[in-house]
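> Based on what follows, work out the 3D shape:
(2 chains)
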Amino acid sequence: MGQINFTKFREGDTPDATGLNAPYDDLAAVSIEKENTKPNWATRAHFDDTGEKANELFFYDYDGVSAFQTTNTNYQVVINAGTPSRITFPAGTSMDGAHIIRAGASGIIGDIICNTDGNGDGTQDSYNYFSFRLLVTYNVGGGNLTDVIAECGYSYTRRSRLTNDSTGLDSALWWRNFSFSGLWAVPNNNTQIISIQLEAKVGPNGGAGNQLDVTRNNINAVLVRN
Amino acid sequence: MSKHYTEKPNVRFSQVKSENLNDNITKTLGEVNGNLNSNNLPVDALTFDKFSSPNRTSLTSNATTKLDYEGATQDYHSVRRWNTFEDSNDMWEPVESINLQTENWSTGWNKLVDFGSMDYTFLDFDAKEGILTGCAVIDFHHGLDRIVYQSDDTTFRVFYGYDWWTEWGVFVNDTLVAETSWIYARRITCNIPFKVPVGSQKVKIDLRWRAVTSNAVGTPYQGNPTRPLDIFGAHIWVRNVKR
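Numbering: from 1, shown residues only, chains lettered A, B, ... in the order given. Coordinates of the predicted model:
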């Protein structure tokens, strides 16, 4: 019930207790609904900023110049001067099954080494590529679990995946940025969010030694609860 | 309830008139029946647990994942087709390859959804009045060709296409709201942020591309006379901040 109806007393009526009490009883029992309020009544000031929030923003930022280098064809966490590129959430950071995490990362690709960028016939596609991903570690009871939030790929050189000639090696593309983002659906109620880290790998290239080089990088994550 | 006072007090030994009864209660009911405002709720009174719980739905079909999230203060909408997620492939395998030599495309903006299996990579939802803030993420490769050609008795092998480029744009209801610059030959993942005011209305968001390439001038040495625009993944996500 949002609206309260009231029958006015008329001149000469003899009000009884029921009639007199009715509007007050209805008032005590009313459930406030949207038709009870004026348009545009609520302001941002009505939101309480303490305690759990609809959005929580976390950052990791490495602005040094120490390079992380890898020739590994399996994902490795990016290490910045001995420290992993990782957001570690405060203990007890919990989210529910309807919530989502929005995360992104960016950084600078430095002095990469490219010994082969493939032969362009479609069989060596991966030689020319390297990739990044954001990996979330979480716990729903038992051991920690991981999942990929987002992934992205880049090429060492300008060479196409398919070319008309199998010879040659194009020059490597140095000093450029990478950037990607994604959403992750939290799987269960009371999911403990442990960390989000940036990982990198190079394409399988038969040991030719293509090497990725990453310098400055950062991660951002928004815990979206409502 | 905003402050108000007894309109017509009843006085001892006086007759109770009907308008006294009516006027006193009518004012109170008038407040409740549609005039409650910020006087009735102190600032900082709306705590997180007063919000209704969010709803989230996710569905994967046609190798495309659609996610909708409706919260009290914001909504999220997302559509994704990505090699490692929906196709369970490795990062090196494209989900779609557009042959720029043989397929129909224009030098203006081309809708990504018009090409092969990318046909569901658009967002279509009922927006709430407020702001749309989001990113389109596209992982693609439009690279140089390596060609062979003969000049008199000499065979040349060169890379070709240094002036080729690709550009990506984000369109909201057919209006360009964000774009990359010209991206010269390479594989790259672009994260294209956009922001646009929105009313309570239908909204459609899609990715479009345009490119410059040219025809082969060499001998089709490997039998691959293509100019592929390889798509490894496309993802559009948007946050609808509701006023």
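> just the helices in the chain please.
Looking at chain A here, since you left the chain open. Assigned by DSSP state H, the helices in chain A fall at A:17-29.
> actually chain B
With DSSP H as the criterion, chain B has helices spanning B:18-32.
> got the domain boundaries for it?
Annotated domains of chain B cover B:1-45, B:48-242 [automatic domain parsing].
> Equivalent analysis for chain A, please.
If you go by automatic domain parsing, chain A breaks into A:1-41, A:55-224.
> Which one of those domains lies nearest to chain B?
For the domains of chain A, proximity to chain B was assessed by Cβ to the nearest Cβ; domain A:55-224 is nearest, at 3.1 Å. Every C-beta, even on glycine, is put in place using the N, C-alpha and C of the backbone.
> re the thing from before, least reliable of the domains of chain B by average pLDDT, please.
If these are sorted by mean pLDDT, domain B:1-45 sits at the bottom with a mean of 80.
> can you give me the offset of that one from its chain's centre?
49 Å (Cα atoms, centre = their mean, to the nearest Å).
> for stretch A:46-63, same thing?
On Cα atoms, centre = their mean, the centre of stretch A:46-63 falls 13 Å from the chain's centre.
> Output it as CSV, restricted to C-alpha atoms.
Output of stretch A:46-63 as CSV, limited to C-alpha atoms (Å, rounded to 0.1, in the frame of the first residue of the first chain):
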residue,chain,number,x,y,z
HIS,A,46,21.9,10.7,0.9
PHE,A,47,24.3,7.9,0.1
ASP,A,48,26.4,6.7,3.0
ASP,A,49,30.1,6.5,2.0
THR,A,50,31.2,4.3,4.9
GLY,A,51,31.2,0.6,4.9
GLU,A,52,30.7,-1.6,1.9
LYS,A,53,30.4,0.3,-1.3
ALA,A,54,28.8,-0.2,-4.7
ASN,A,55,32.2,0.3,-6.4
GLU,A,56,35.6,-0.2,-5.0
LEU,A,57,38.6,0.8,-7.1
PHE,A,58,42.1,-0.8,-6.7
PHE,A,59,45.3,0.1,-8.5
TYR,A,60,48.7,-1.4,-9.1
ASP,A,61,51.3,0.8,-10.8
TYR,A,62,54.9,0.2,-11.7
ASP,A,63,56.5,3.4,-13.1
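> Contacts for it next, please.
A:80-81, A:83, A:85-87, A:89, A:216-226, B:38, B:41-49, B:51, B:71-74 (Cβ atoms under 8 Å, 6 or more residues apart in numbering or on different chains).
> Which residue, other than its chain neighbours, is closest to residue 137?
Reading this off chain A. Using Cβ to Cβ, 6 or more residues apart in numbering or on different chains and skipping residues adjacent in sequence, the residue nearest A:Thr137 is A:Ile194, 4.2 Å away.
> let's do chain B instead
In space, B:Val137 is closest to B:His235, 4.3 Å off (Cβ to Cβ, 6+ apart).
> how many other residues sit next to the one you found?
If you count neighbours by other Cβ atoms under 10 Å in any protein chain shown, B:His235 ends up with 27.
> residues in contact with it?
Counted by Cβ under 8 Å, 6+ apart, B:His235 has contacts A:Ala150, A:Gly182, B:Ser78, B:Val79, B:Arg80, B:Arg81, B:Trp82, B:Ala136, B:Val137, B:Ile138.
> any low-confidence regions in chain A?
Applying pLDDT under 70 to chain A picks out residues A:1.
> at 90 instead, please
Scanning chain A for pLDDT under 90 picks out A:1-54, A:120-123, A:125, A:163-166, A:204-209, A:226.
> for A:Leu135, which residues make a bridge with it?
A:Val148, A:Gln197 (DSSP bridges).
> Show the contacting residues for it.
By Cβ under 8 Å, 6+ apart, the neighbours of A:Leu135 are A:Tyr75, A:Val77, A:Thr146, A:Asp147, A:Val148, A:Ile149, A:Ile196, A:Gln197, A:Glu199.
> Also B:Ser97?
B:Ser97 touches B:Thr226, B:Pro228, B:Leu229, B:Asp230, B:Ile231, counting by Cβ under 8 Å, 6+ apart.
> quick one, longest strand in chain B?
strand B:228-242 (DSSP state E).
> Quickly run through the sheet partners of it, with directions.
Strand pairing (DSSP bridges) places strand B:228-242 next to strand B:74-82 (antiparallel), strand B:96-99 (antiparallel), strand B:130-142 (antiparallel).
> Now for A:Ala150: which residues touch it?
When contacts are counted by Cβ under 8 Å, 6+ apart, A:Ala150 touches A:Ala103, A:Gly104, A:Ala105, A:Arg133, A:Leu134, A:Phe180, A:Ser181, A:Gly182, B:Val137, B:His235.
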